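1. Sequence first, then the predicted structure:
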Amino acid sequence: VYINDINEPVKSLEMLTLLILFFSLMILIIIGLFFSQSLTKPLKLILNGVKKFHEKKSPFELQFRSAYEITELGKAFQEMSVKLSHFMKELQNKVEELQISKAEKKKALVLLDNIINSMPSLIITIDNEEKIIRWSHTTEKRTGIKASEALGKDFISVFPRFKDSFLLIKESLEKNIIKSKHGLANSINGVQVYEDITIYPLIKSENGGAVIRIDNVTERIKIEEALEQSRKMEAIGQLSGGVAHDFNNILTGILNSTQLINKKIDNDHPAKKYVEFIKESASRAADLTRKLLDFSRKTKLVKTPVSVHDALKKAIEILKSSLDKKIKIKIQLTAEADVVLGGYVQLQNIFLNLGINSSHAMPNGGEINFKTTIAKLSKSYCAASQFNVNPGQYILIEIEDNGEGIQPEHLDKIFDPFFTTKETGQGTGLG
């Protein structure tokens, strides 16, 4: 009984101790849960905010309010994310501006390429060492040299015909000034052309260099030469008018003298034929002075029916009596119809001049052949001809000699009024 009395309080104390431990444990669990929620909730909010910032690039927002340090960390991250978001937006704007600028630059380069490639001039860009760094489509087409073959080569090696312009290019690059040469005569595939070359230095380029422009001005030069020739002809016309008046007075005296001589001598007199020859020559000279006067006055040519064969025979008679006896003249007149509208004396003078020119090409003698035939010109021939002719029947006059001939480089000048290969004072060409 005594032992039971002693154990009874002990059991009560054990039970109380267990209850206290149980309730303490429960309190600890509740407190742990509470602190766990307080700690994990801000961390979850921060984690969600980071994910949102990463996915949507929107600023981080912290809605949970607490005095804990973890909350303060979240607030600091929130401020940092706002600043970072603004910075990223600015960066995005800069990227977009750069992309627009790059697109506009590309568009401008395409436009510049189109402008350069559409120009009729040869456009070549060189660097400071005179090496080609740009080759336009026109240059490629006109020269037949591909850009891949020209790029990186010296300009003069590709265009050896401009070797005399080497110092001009060098001066332009060194002094940054525009230099040019005009009317340079060059030969391209055996054809003479005239070209202008202009060098434009790239003043604002860090690497230097220049743009070279080459223009074919052959047509312009020919027009200028024709204009100059027309001025000469106008001056000659004025001069010839004055000379013709004086010369006509001399011829009048000669013709009057031949008439007086004819009255003094008989028809069978040996000098009769010479007097007639003088009279005929003076008459032709008088007709020539009339043409000079017409030329100086710019009067219109009066065309009359003329026998080509008759004019040719008269011219040959004069040539036979005046040319070197080593020169033989043959004539073959096979044209059935020989009457044309024109000037008799003009035709005769043409035959005489051609005959005399042929004799000059045969200083050691030779042969001149005069031949006439009928030629029928078709519509296709007339359409392709450079002359204004109509289809139909024409008389063809051929004059051939076995002299030295004409050099190929002179063929394009044979109709120039005063072109001649003779020394000064020995010839005036067709003048």
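-> Cool, got the structure. Everything numeric in this text was worked out from a predicted model, so none of it was measured.
2. Quick one: the helices in the chain, in order.
-> Secondary structure of the chain by DSSP state H: the helices cover 2-56, 69-118, 137-143, 147-150, 155-158, 166-175, 218-264, 272-297, 308-322, 344-360, 379-384.
3. List the buried residues in stretch 186-194.
-> 193, 194 (16 or more other C-beta atoms under 10 Å). For every residue, glycine as well, the C-beta is placed using N, CA and C.
4. now stretch 147-163
-> 150, 155, 158, 159, 161, 162.
5. now these as TSV including pLDDT?
-> TSV is the format used below for these (pLDDT from 0 to 100):
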residue	pLDDT
150	91
155	92
158	91
159	91
161	89
162	89
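6. and which of the residues you listed is nearest residue 265?
-> Closest approach between those and residue 265, by C-beta to C-beta: residue 161, at 70.1 Å.
7. who touches the nearest residue in space to the closest one that is not next to it in sequence in this structure?
-> Excluding its sequence neighbours, the residue lying closest to residue 161 (C-beta to C-beta, 6 or more residues apart in numbering) is residue 186, at 4.5 Å. Listed by C-beta atoms under 8 Å, 6 or more residues apart in numbering, the contact partners of residue 186 are 161, 192, 193, 194, 195.
8. redo that, cut-off 6 Å
-> Contacts here follow C-beta atoms under 6 Å, 6 or more residues apart in numbering; on that basis residue 186 touches 161, 193, 195.
9. Identify the residue nearest the last one in space, chain neighbours excluded?
-> I take that to be residue 195. In space, residue 195 comes closest to residue 184 once its chain neighbours are excluded; the distance is 5.0 Å by C-beta to C-beta, 6+ apart.
10. pLDDT score for that neighbour?
-> At residue 184, the model reports a pLDDT of 89.
11. And it, how close does it get to residue 396?
-> 41 Å (C-beta to C-beta, to the nearest Å).
12. Settle it for me: which of the two has more neighbours?
-> Ranked by neighbour count (other C-beta atoms under 10 Å), residue 184 and residue 396 place residue 184 first, with 16 against 13.
13. Verify the stated contact: the more buried one with residue 198.
-> No. Between residue 184 and residue 198 there is no contact under C-beta atoms under 6 Å: 11.4 Å.
14. Can you get me a residue count around the closest residue to residue 304 other than its chain neighbours?
-> Excluding its sequence neighbours, the residue lying closest to residue 304 (C-beta to C-beta, 6+ apart) is residue 341, at 6.9 Å. Residues lying near residue 341 (other C-beta under 10 Å) number 9.
15. same thing with the one 5 residues further on?
-> For residue 346, the neighbour count with other C-beta under 10 Å is 14.
16. And for residue 195?
-> Neighbour tally, residue 195, other C-beta under 10 Å: 21.
17. Closest one of the buried residues of stretch 147-163 to residue 222?
-> residue 161 (19.3 Å).
18. Check the gap between the closest one and residue 184 for me.
-> Residue 161 is 8 Å from residue 184, where distance means C-beta to C-beta.
19. ok, back up a step: hmm, residue 303 and the residue nearest to residue 304 touching each other?
-> Yes. With contacts counted by C-beta under 6 Å, residue 341 reaches residue 303, the gap being 4.2 Å.
20. show me where pLDDT drops low in the stretch 201-350 of the chain?
-> Within the stretch 201-350 of the chain, the stretches with pLDDT under 70 are 237, 291-301.
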